[in-house]
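Could you work out the structure for the sequence below:
(chains A and B)
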Amino acid sequence: MIDTTFGAALTLGQFTLGQFTLGQGDLPAPMSGITLYHYLFTASTMFVLGLIGFLTRRNLIVMFLSTELMFQAAGIALIAFGRFHMNQTGDAFVIFVLTVAAAEAALALALIVLLFRRKETLDGQAWASMKG
Amino acid sequence: MDTFLSPLLLYGACALGGAGVALALPKQKAAPFVFGAILAAAAFGLVMVLLGVASVRAMSGSGDASGGQGAAATARLVWDALPNYHFYIFSAIALGSALRVITHQRPIYSALWFILTIVSSCGLYLILQAEFMAFALVIVYGGAILITYLFVIMLATEAPTEESVEAMNVYDRVSREPVIATFAGFLVLAVLTTMLAGGAKRLELNPAFVATDAPLALMPARVEKVLREAGVMEEGERLARMPSASSRKGEPVDLRTSVAADGRPGGELRIVASDGKTVRVLPLAQWPEELRLSNTERVAMELIERNPASIEIAAVVLLMAMLGAVVLARKKVEMDEMAKAQAAARAREGGELSGGLGSAAAFVPPSVGGNT
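So this is what the prediction gives:
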């Protein structure tokens, strides 16, 4: 039994589109034809965008925002895999991702404020002297 | 169908998208953001059209063969695949705003665009039937983390003067090695997507992974309450419990799984009549609707039944982060001399650029016994 819960109730037009039929048992219509690959493509593209942002931007805050993008991409992939396997392990992992992201935001932003007070700049290259 | 999408097309789309992103990143000269964004959007749209065509083809390949091969059947297939537009819309918004996060020159707007990414990811989560995580994401990310970011952006900016409000720092205006980084990133993306395309599986066709009602066996009181309210169970009847009373979780419900007539696995509830002997079976088809587990209940069972340690570890991680943030924030820091000179130089430079005087020098915090 596959439960059609709130997510299915939110989707538009699953019963109203005329002769539309639900394909597989009581699965909500929007899943029909969507593959795991659709979600993995979205997730990997978002991950790569975050990666590029982390590599290219010089502002420390934007660099950390880019890592949050990468976390987000990992979350989408995990939830999609969890839906694919029809269990909730992906959700449990995403809770962990959220925890790590919150911890990272608290620590990294405290560090950024500290670094800003020392150098009066958010430029990551102001700390180039650290590269031995 | 060997692979889901042709690797050549994927490589082409990645090259196009990479060129677009490289153009859109901030540069010394005025960055042609619009042009780059159009290129990246074209690449994204190409892949999305390919995905849509592939999913319609996948449906026609594994769908019912009785539909015939006429144009009407094709139109019907396309029509059936149409409701997928939610995925395409949310995906487009998420990736478009992600592009804006990494290309916007003002960090505060980057943070605001990131909120849009979060919200559209929540849309994707809802399509994937992960409602609990979707709302947790809005609350934790949109409500907590992003607010922290906004606070820090406000804390860690040089106080602008009247003239320099519009001036942007050079490190926001110019990105570092945009071409090489984009090339590397999109090479990773191209390899990743072509690799993944070999094993594209439909999300719905996996009879091995059908959601089970096994957690229901662990909540007999809930099952009995629902059954009584639905009028399925009479007064005096009770649910049959598992024969082995040695389970540490009390007496779970006797929830024997069987295979229903249509081939899907289903459960059976056994109800003991008031005389204590007669047992009648309630097949899956007669279960009341309220017996279905919601996503939140499933997540709770997953977390608390199966991985109880994970919550503890998450709590420890959060506690450590909180302690660390407090320790870091209490530290008094003295600006070193070199940085002071550099800040003054930057202020002069910025002043010349914007036609006003930067006020970085007036922003030196009072230094009380720092560690250097």
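
who's in contact with B:Lys29?
With Cβ atoms under 8 Å, 6 or more residues apart in numbering or on different chains as the criterion, no residue contacts B:Lys29. For glycine as for every other residue, the C-beta is placed from the backbone atoms N, C-alpha and C.

quick one: it from B:Thr182, how far?
B:Lys29 sits at a distance of 17 Å from B:Thr182 (criterion: Cβ to Cβ, to the nearest Å).

The stretch 101-250 of chain B: helices as residue ranges?
Counting by DSSP state H, counting those that start in this stretch, the stretch 101-250 of chain B has these helices, from start to end: B:107-127, B:131-137, B:146-155, B:170-173, B:178-197, B:220-229.

can I get those helices in a markdown table with mean neighbour count, mean pLDDT and distance to A:Arg57?
What follows is the helices of the stretch 101-250 of chain B, written out as a markdown table (neighbours: other Cβ atoms under 10 Å in any protein chain shown; pLDDT from 0 to 100; distance: least, Cβ to Cβ, whole Å):
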| stretch | mean neighbour count | mean pLDDT | distance to A:Arg57 |
| --- | --- | --- | --- |
| helix B:107-127 | 22 | 92 | 9 |
| helix B:131-137 | 22 | 92 | 24 |
| helix B:146-155 | 17 | 89 | 14 |
| helix B:170-173 | 18 | 78 | 8 |
| helix B:178-197 | 19 | 90 | 10 |
| helix B:220-229 | 16 | 80 | 50 |
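
Could you dump those into TSV and include distance to B:Glu235?
Formatted as TSV, the helices of the stretch 101-250 of chain B follow (distance: least, Cβ to Cβ, whole Å):
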stretch	distance to B:Glu235
helix B:107-127	41
helix B:131-137	35
helix B:146-155	53
helix B:170-173	72
helix B:178-197	56
helix B:220-229	8
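
Tell me which of these lies nearest to A:Leu115.
Closest to A:Leu115 of those, according to Cβ to Cβ: helix B:146-155, at 11.1 Å.

The closest one to helix B:107-127, inter-axis angle?
Inter-element angle recorded for helix B:146-155 and helix B:107-127: 170 degrees (by axes from the mean of the first three to the mean of the last three Cα atoms, to 10 degrees).

Please list the outside residues in contact with helix B:146-155.
For helix B:146-155, the surrounding residues in contact (Cβ under 8 Å, 6+ apart) are A:61, A:64-65, A:105-106, A:109, A:112-113, A:116, B:107-108, B:111, B:114-115, B:118.

try 6 Å this time
With Cβ atoms under 6 Å, 6 or more residues apart in numbering or on different chains as the test, helix B:146-155 has contacts from A:Ile61, A:Ala105, A:Leu109, A:Ile112, A:Val113, B:Pro107, B:Ile108, B:Ala111, B:Ile115.

residues touching B:Ala273, list them.
Residues near B:Ala273 by Cβ under 6 Å, 6+ apart: B:Glu237.

Output stretch B:11-24 as CSV, nothing but the C-alphas.
C-alpha atoms of stretch B:11-24 as CSV (Å, rounded to 0.1, in the frame of the first residue of the first chain):
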residue,chain,number,x,y,z
TYR,B,11,27.7,16.8,-22.9
GLY,B,12,26.5,19.5,-25.4
ALA,B,13,24.0,20.8,-22.9
CYS,B,14,26.7,20.9,-20.2
ALA,B,15,29.0,22.8,-22.4
LEU,B,16,26.3,25.3,-23.3
GLY,B,17,25.3,25.7,-19.6
GLY,B,18,28.9,26.0,-18.5
ALA,B,19,29.5,28.8,-21.0
GLY,B,20,26.4,30.5,-19.7
VAL,B,21,27.4,30.3,-16.1
ALA,B,22,31.0,31.4,-16.9
LEU,B,23,29.5,34.5,-18.7
ALA,B,24,27.1,35.2,-15.9
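
Let me see the mean pLDDT of stretch B:300-311.
Averaging pLDDT along stretch B:300-311 yields 86.

Using neighbour counts, pick out the buried residues of that stretch.
B:Ala300, B:Met301, B:Glu302, B:Leu303, B:Asn307, B:Ser310 (16 or more other Cβ atoms under 10 Å in any protein chain shown).

do stretch A:86-99 as well
Neighbour counts over stretch A:86-99 (16+ other Cβ under 10 Å) mark A:86-88, A:90-99 as buried.

So which of the residues you listed reach chain B?
A:Met86, A:Gln88, A:Asp91, A:Ala92, A:Val94, A:Leu98, A:Thr99 (Cβ under 6 Å from any Cβ of the partner chain).

what's the neighbour count on the closest residue to chain A within the stretch 101-250 of chain B?
Residue nearest to chain A within the stretch 101-250 of chain B (Cβ to the nearest Cβ): B:Ile102, separated by 3.1 Å. Using other Cβ atoms under 10 Å in any protein chain shown, B:Ile102 has 28 neighbouring residues.

go on, B:Glu297?
Number of residues near B:Glu297 (other Cβ under 10 Å) recorded here: 18.

what's the pLDDT at it?
pLDDT recorded at B:Glu297 is 84.

Tell me the secondary structure of it, please.
Counting by DSSP: H, G, I helix; E, B strand; the rest coil, the backbone at B:Glu297 sits in helix.

Can you tell me how far it is from chain A?
For B:Glu297, the distance to chain A (Cβ to the nearest Cβ, to the nearest Å) stands at 10 Å.

again with B:Ser91
5 Å.

isn't that residue right up against A:Thr42?
Yes: if you go by Cβ atoms under 6 Å, B:Ser91 and A:Thr42 touch, sitting 4.6 Å apart.

what about chain A, any weak spots by pLDDT?
For chain A, the stretches with pLDDT under 70 are A:1-33, A:132.

Just the helices from it, written as ranges.
Assigned by DSSP state H, the helices in chain A fall at A:6-10, A:36-56, A:60-84, A:89-119.

Packing partners of the third one?
Packing partners of helix A:60-84 (3 or more Cβ pairs under 6 Å, 6 or more residues apart in numbering or on different chains; DSSP states H and E): helix A:36-56, helix A:89-119, helix B:85-103, helix B:107-127.

Please tabulate those helices in CSV, including the columns distance to B:Thr148.
Converted to CSV, the helices and strands packed on helix A:60-84 look like this (distance: least, Cβ to Cβ, whole Å):
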stretch, distance to B:Thr148
helix A:36-56, 18
helix A:89-119, 5
helix B:85-103, 16
helix B:107-127, 10
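
so which of these gets nearest B:Ala325?
Of all those, helix A:89-119 comes closest under Cβ to Cβ, at 4.3 Å.

tell me what that closest one is packed against?
Counting contacts by 3+ Cβ pairs under 6 Å, 6+ apart, helix A:89-119 is packed against helix A:60-84, helix B:146-155, helix B:308-330.

Mind doing that once more with 7 Å?
helix A:60-84, helix B:131-137, helix B:146-155, helix B:308-330 (3 or more Cβ pairs under 7 Å, 6 or more residues apart in numbering or on different chains; DSSP states H and E).

Tell me how far that helix lies from the chain's centre.
Relative to the chain's own centre, helix A:89-119 is displaced by 14 Å; criterion: Cα atoms, centre = their mean, to the nearest Å.

Likewise for stretch A:73-83?
8 Å.

could you dump stretch B:168-175 to PDB, C-alpha only?
Taking Å, rounded to 0.1, in the frame of the first residue of the first chain, the C-alpha atoms of stretch B:168-175 are listed here in PDB:
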ATOM      1  CA  MET B 168      30.400  47.600  -4.000                       C
ATOM      2  CA  ASN B 169      33.600  46.000  -2.700                       C
ATOM      3  CA  VAL B 170      36.000  44.800  -5.300                       C
ATOM      4  CA  TYR B 171      35.900  41.200  -3.900                       C
ATOM      5  CA  ASP B 172      32.100  41.200  -4.700                       C
ATOM      6  CA  ARG B 173      32.500  42.600  -8.100                       C
ATOM      7  CA  VAL B 174      35.200  40.300  -9.400                       C
ATOM      8  CA  SER B 175      35.100  36.600  -9.200                       C
END
